[in-house]
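Participant: quick one, fold the following:
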Amino acid sequence: MNIKSLILGSAAALVAAPAMAADLPVAEPVDYVKVCDAYGAGYHFIPGTDTCLKIGGYVRAEAQFTERFARADNKFEIWSRGLVTVTAKEETELGTLVSFIEIQGDTDASGIEMTKAWLSLGGMYAGYITSASVVDHVGGMYLGDFDLGDQTVGAIGYNADLGNGVSAHIAIENEIVEGASAVVGGIEAGQSMPAVAARIKVDQAWGSASLGAVVRQVNYNNAATDSDLGFAVAAGITGKFDALTAALNAVYSEGALGYTAWVGGEDALAGSLSDVWSISGMLKYAFADNAYGLVAAGYGEYDGVGATPDYDEWQITAEVGYTPVKNFTVKAAVLYKDRDSVVAANDLESWEGKIRLQRDF
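Facilitator: As a prediction, the model looks like this:
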């Protein structure tokens, strides 16, 4: 091949190249994920839709010390938890359409579970969600058991925004039954009607106040015994005073003990209802924007009709927390419990402590 042939061949190839390129498929433009700022930080549009999606959660590692009451008990344990939440929101003619999923897995439990799954449209909602009766939590990492309604249930309800920081919440829910199998043969028959739970809450610059209640049917196994009506009611108030936050919470329940998690007894037996009451309070002080300390205490009494003897119990806790960098928090807490029962063998006095590291995202 001479130079003349090489030049002519190259020229022919250059002339043919545009024609060949015209026959190649054209790549479609990429539909990039866009930020959705209508619902706050962290939301992005799902490509090709009007739905905004947010993925969040945390990873937690915790070291816990508890007193040993039997040689088989673990005195010291390190465990971790992973929690992921997925929230999807979209505006419609009937209001905001929301779906929420929460998935959690602990290293000291078996498998991964869906701890919440609910949807809502406007104020209406349905799914597996925190009870509508819940009243403000008191006590940091400990003492939450003295609250009312801090449990997850199947529910259908409505949440109304009444304006000026006032909201009203009502729902029908699956019942939370305490001690249903504590007595041979069981205490109650299966659920034949849902519980009704409600709460009204006020949120203001000074803090918040709430009143929650639940009413449930106590359906005895013995058909000859009429059903009873169990209930629980609670009030909570939180005040903000510059760096200091103070909270107070009171609960009373008769025949609906399962909505107050600290108690270990039975709701009812043979036509009679158990009752409990408790009161708890907290003082929390912010040393800086990223550091705090708190002390909290709670006292409760159980007057039962089942196999569990009557008792009273008080708890006190102290906690400190520090956030050295954004989304990473270190907490340490200690808890003292003292339970006095009418049966001396059921008395309990114990100390617990824990250190928690948590990274939120």
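Participant: hang on, Val214 packs against Phe231?
Facilitator: Yes: contact criterion C-beta atoms under 8 Å: Val214 and Phe231 qualify, at 6.6 Å. C-beta: built from backbone N, CA, C; applies to glycine.
Participant: in the stretch 101-250 of the chain, where is pLDDT below threshold?
Facilitator: 180-187 (pLDDT under 70).
Participant: which parts of it are strands?
Facilitator: Using DSSP state E, counting those that start in this stretch, the strands found in the stretch 101-250 of the chain span residues 112-121, 124-130, 152-163, 166-173, 195-204, 207-218, 228-241, 244-254.
Participant: that older thread, which neighbours do Val214 and Phe231 share?
Facilitator: Contact with both Val214 and Phe231 is made by residues Ala256, according to C-beta atoms under 8 Å, 6 or more residues apart in numbering.
Participant: which one of the two is surrounded by more residues?
Facilitator: Val214 (29 against 20; other C-beta atoms under 10 Å).
Participant: what's across from that one in the sheet?
Facilitator: On the basis of DSSP bridges, Val214 is bridged to Ala197, Ala232.
Participant: what does Thr245 give?
Facilitator: Lys240, Lys284.
Participant: next one: Gly154
Facilitator: Applying DSSP bridges, one finds that Gly154 bridges with Tyr128.
Participant: I'd like the numbering to begin with 44 instead of 1 from here.
Facilitator: Sure, I'll start counting at 44 from here, so that last one is Gly197.
Participant: who are the neighbours in contact with it?
Facilitator: So, once contact is read as C-beta under 8 Å, 6+ apart, Gly197 ends up touching 170-171, 216-217.
Participant: so which of these wins on neighbours?
Facilitator: Scoring the contacts of Gly197 on neighbours with other C-beta under 10 Å, the highest-scoring entry is Glu216 at 23 neighbours.
Participant: so it sits against Tyr171, correct?
Facilitator: No: when contacts are counted by C-beta under 8 Å, Glu216 is not listed as touching Tyr171 (10.3 Å).
Participant: dump the strands of the stretch 144-293 of the chain into JSON lines; add distance to Asp93 as well.
Facilitator: As requested, these are exported to JSON lines (distance: least, C-beta to C-beta, whole Å):
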{"stretch": "strand 155-164", "distance to Asp93": "15"}
{"stretch": "strand 167-173", "distance to Asp93": "20"}
{"stretch": "strand 195-206", "distance to Asp93": "23"}
{"stretch": "strand 209-216", "distance to Asp93": "27"}
{"stretch": "strand 238-247", "distance to Asp93": "30"}
{"stretch": "strand 250-261", "distance to Asp93": "33"}
{"stretch": "strand 271-284", "distance to Asp93": "37"}
{"stretch": "strand 287-297", "distance to Asp93": "39"}
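Participant: so which of those gets nearest His87?
Facilitator: strand 155-164 (19.8 Å; C-beta to C-beta).
Participant: got the contact list for stretch 343-352?
Facilitator: Looking at what lies outside stretch 343-352 - C-beta under 8 Å, 6+ apart - the contacts are 189, 222, 225-226, 230, 294, 300, 303, 305-309, 311-313, 315-322, 353-357, 384-386, 389.
Participant: just stretch 382-389 next, same as before
Facilitator: Outside stretch 382-389, the residues touching it (C-beta under 8 Å, 6+ apart) are 352-356, 390-392.
Participant: any quick ChimeraX command for the buried ones out of these?
Facilitator: ChimeraX command restricting the contacts of stretch 382-389 to the buried ones, with burial defined by 16 or more other C-beta atoms under 10 Å:
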select :353,354,355,356
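Participant: in strands, which of the contacts of stretch 343-352 fall?
Facilitator: 294, 311-312, 315-316, 318-322, 354-357, 384 (DSSP state E).
Participant: between Glu216 and Tyr171, which contacts overlap?
Facilitator: 196-198.
Participant: could you export the residues you listed as a markdown table, including distance to Trp249?
Facilitator: Below are the shared contacts of Glu216 and Tyr171 laid out as a markdown table (distance: C-beta to C-beta, whole Å):
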| residue | distance to Trp249 |
| --- | --- |
| Val196 | 31 |
| Gly197 | 35 |
| Ala198 | 30 |
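Participant: where does pLDDT dip in the stretch 294-404 of the chain?
Facilitator: Ranges of the stretch 294-404 of the chain meeting pLDDT under 70: none found.
Participant: max-length strand in this structure?
Facilitator: Once the chain is assigned using DSSP E, the strand that runs over the most residues is strand 119-135.
Participant: which helices and strands does that strand pack with?
Facilitator: strand 95-109, strand 138-149 (3 or more C-beta pairs under 8 Å, 6 or more residues apart in numbering; DSSP states H and E).
Participant: kind regards, and thank you for your time.
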